[in-house]
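**Student:** Predicted model follows, preceded by the sequence.
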Amino acid sequence: MGLLATGGKLIIGDISFETAQAQDKCRADCGDDGWDDEEFYMVWDDFAKSLQGVCQAQYRQISHCGGILEVW
C-alpha cells in the first residue's frame, strides 16, 4: 500500500534552488549575515537523481531562493 492515495501528490514549498550555481549566487548575494550554514537547502539537480525509479517529481523555482517540489 502506498502512502499517497491514487492520484495524490505531495507538494513542498521551501527555500530551495534548481542548481548548485543558483544556490552559490544566492549565498554570495546574502553575505555572511544572511546565510545560515547550519540549514539544509535542497538543490533540485542533485535531489532529482535520488528520486529516479522511485517516484515522479517536478520542481519549479518561484523566486530567487524558493521553489515548489511536487512528488507523485
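**Tutor:** That came through, no problem. Numbers count the residues shown, from 1 in each chain.
**Student:** low-confidence ranges in the chain?
**Tutor:** Low-confidence regions of the chain, defined here as pLDDT under 70, cover residues 1-2.
**Student:** for it, which strand is longest?
**Tutor:** Among the segments of the chain that qualify as a strand by DSSP state E, the longest is strand 10-17.
**Student:** how about that one as PDB, C-alpha atoms only?
**Tutor:** Backbone C-alpha positions of strand 10-17 (Å, rounded to 0.1, in the frame of the first residue of the first chain) are rendered in PDB as follows:
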ATOM      1  CA  LEU A  10       3.000  15.600  -2.100                       C
ATOM      2  CA  ILE A  11       3.700  19.300  -2.500                       C
ATOM      3  CA  ILE A  12       6.500  21.000  -0.600                       C
ATOM      4  CA  GLY A  13       7.300  24.800  -0.800                       C
ATOM      5  CA  ASP A  14      10.600  25.800   0.800                       C
ATOM      6  CA  ILE A  15      13.900  27.600   0.300                       C
ATOM      7  CA  SER A  16      15.500  25.600  -2.500                       C
ATOM      8  CA  PHE A  17      17.400  26.000  -5.700                       C
END
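**Student:** just checking, what packs against it?
**Tutor:** strand 42-43, strand 57-61, strand 66-71 (3 or more Cβ pairs under 8 Å, 6 or more residues apart in numbering; DSSP states H and E). For every residue, glycine as well, the C-beta is placed using N, CA and C.
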